[in-house]
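Novice: Output the structure for:
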Amino acid sequence: MKIAFSPPFINDLVKAEVNESLDSGWITTGPKVNQLENMIADLAKAPKVLCVNSWTSGAMLILNWLGVQKDDEVIIPAYTYCATALAVMHAGAKPVLVDINDDFNISVKNIANAITSKTKAIIPVDIAGWPCDYDEINNLVQQKKALFNATSDVQKKLGRILVMADAAHSIGAKYKGKESGNLTDVTVFSLHAVKNITTAEGGAVCLNLPEPFSNDEVYATLRCYSLNGQTKDAFTKSQAGSWRYDIIYPGLKINMPDVLAAIGIGQLKVYSSNTLIRRFEIFEKYNSYFSNEDWALLPQHQNDDKSSSCHLYALRIKNANENTRDKIIALIAEHDVASNVHFQPLPLLSVFKNMGYDMKNYPNAYAQYENEISLPIYPQLTDEQIAYISQVVIDSVRKVLDINND
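Specialist: Next up is the predicted model:
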């Protein structure tokens with residue numbers, strides 16, 4: 001039985017939407033993108049959503065709009081994918097890494113200790129689709145307002161540190177009854193090929209800015225910035241007699257095409273009613289299979305305050321280190337089951353190591369990483385496949401850790 005790690009969910013609805021886009025004669029940014037933005041806004045209860053070509057582009061766009069510059073600091077967790085830090089660096093600011101909690105998410109206490117007068121933004125990351133402690137984070141930036149040093153018009157208008165949720169994994173998650181997408185000033189979803197909702201490549205920027213900002217006005221500004229600073233998109237320009245435009249800002253070219261938005265539209269039509277429910281079921285089946293194993297440290301997917309999008313099933317192996325974890329993964333692969341690790345903490349990667357970040361300063365991030373294995377979790381999996389994966393994992397762990405099967 002050969003099982004892939006995370007194939008895209010392509011059903012007849014997706015194919016119909018893509019074909020409709022192809023048949024329309026218009027495949028770049030246009031009505032399909034607008035439809036996808038509205039669907040995500042409805043799911044996330046976000047006032048306004050802008051779709052772009054990647055999570056990274058969306059985060060860079062927001063940081064540029066915020067006006068970050070050299071020597072400004074943006075706080076992020078040490079345990080995340082590199083894009084969180086690279087977006088900060090590409091926007092010209094410095095990523096300030098802090099350690100995490102035992103649930104893989106950023107520690108609010110460590111955020112508080114890292115805030116300085118140079119801090120312009122905080123980017124909490126919902127690892128595996130599990131929401132961060134947003135009430136505490138939002139309260140913290142209010143408490144630190146006196147320390148905030150605004151250096152742009154947007155920052156002066158906000159009057160405090162911006163909170164931008166890295167919700168690459170958490171579309172459909174909830175925190176205290178509220179949807180991921182309206183928990184912070186800005187939320188950015190990833191729509192990459194392996195995500196719960198995909199457009200092959202893509203990102204969605206959810207705007208939830210407080211007064212005196214107008215989310216509609218900020219959306220219009222960001223949309224312009226995402227199209228080279230052009231006042232009209234290509235679809236509008238293509239209408240008869242509507243060719244003239246202006247360039248009012250040295251923007252980026254990071255717009256999403258309609259033909260890709262169509263994939264996301266097809267997936268979103270069944271996301272809440274089917275896909276998300278099935279991910280929950282698979283997560284709970286894994287928990288059931290592993291719950292009697294003494295070595296299994298089970299991930300969270302629901303409590304009184306939080307409900308995960310179940311993007312990843314991040315199993316941890318008690319008493320395993322990097323070496324034994326990697327042997328377990330290799331043994332699992334021998335049974336044609338693909339697994340993964342999410343993530344290598346940033347200080348382990350050459351770019352960040354060479355910048356002076358030291359893994360020993362983030363002990364909990366390393367402790368979570370060294371024994372983590374991500375298992376396949378997607379709606380196409382059958383119950384038979386889930387049982388097979390679980391047994392392969394159990395057998396592989398027992399063999400590598402030399403645990404008696406009795």
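Novice: Skip ahead from the helix or strand hosting Asn38 and say which helix or strand is next.
Specialist: Counting by DSSP states H and E, the element that carries Asn38 is helix 31-44. For helix 31-44, the following helix or strand on the C-terminal side (DSSP H and E) is strand 48-52.
Novice: Check which helices and strands that following strand sits against.
Specialist: Secondary-structure packing of strand 48-52 (3 or more Cβ pairs under 8 Å, 6 or more residues apart in numbering; DSSP states H and E): helix 31-44, helix 55-66, strand 203-207, helix 215-225. For glycine as for every other residue, the C-beta is placed from the backbone atoms N, C-alpha and C.
Novice: Would you agree Tyr263 is in contact with Lys15?
Specialist: One correction, residue 263 is Ile, not Tyr. No. With contacts counted by Cβ atoms under 8 Å, Ile263 stays clear of Lys15, the gap being 9.2 Å.
Novice: Looking at the two now, which is surrounded by more residues?
Specialist: Comparing Ile263 with Lys15 by other Cβ atoms under 10 Å, the one with more neighbours is Ile263, at 27 against 13.
Novice: how would you label that one: helix, strand or coil?
Specialist: With DSSP: H, G, I helix; E, B strand; the rest coil as the basis, Ile263 sits in helix.
Novice: mind listing what it touches?
Specialist: 8, 10, 14, 17-18, 198-200 (Cβ atoms under 8 Å, 6 or more residues apart in numbering).
Novice: go on, Val337?
Specialist: 1, 3, 376, 388-389, 392-393.
Novice: In PyMOL, select just the buried ones from those residues.
Specialist: Of those, the buried ones can be selected in PyMOL as follows, counting by 16 or more other Cβ atoms under 10 Å:
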select buried, resi 3+376+388+389+392+393
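Novice: tell me which of the contacts of Val337 is nearest to Leu147?
Specialist: Pro376 (44.7 Å; Cβ to Cβ).
Novice: can you list the weak-confidence ranges in the stretch 251-400 of the chain?
Specialist: Under the criterion pLDDT under 70, no range of the stretch 251-400 of the chain is flagged.
Novice: Do a quick rundown of the helices in it.
Specialist: 258-268, 276-290, 322-333, 350-353, 363-369, 383-401 (DSSP state H, counting those that start in this stretch).
Novice: Give the buried residues for the third one.
Specialist: Going back to what we said before, that points to helix 322-333. Applying a neighbour-count criterion of 16+ other Cβ under 10 Å, one finds 324-325, 327-329, 331-332 buried in helix 322-333.
Novice: ok, residues contacting it?
Specialist: Contacts of helix 322-333 with the rest of the structure, by Cβ under 8 Å, 6+ apart, involve 317, 320, 339, 341, 370-373, 392-393, 396-397, 399-401.
Novice: For Val68, state which of the contacts of Ile263 is nearest.
Specialist: Closest to Val68 out of the contacts of Ile263 is Thr199 (27.1 Å), distances taken as Cβ to Cβ.
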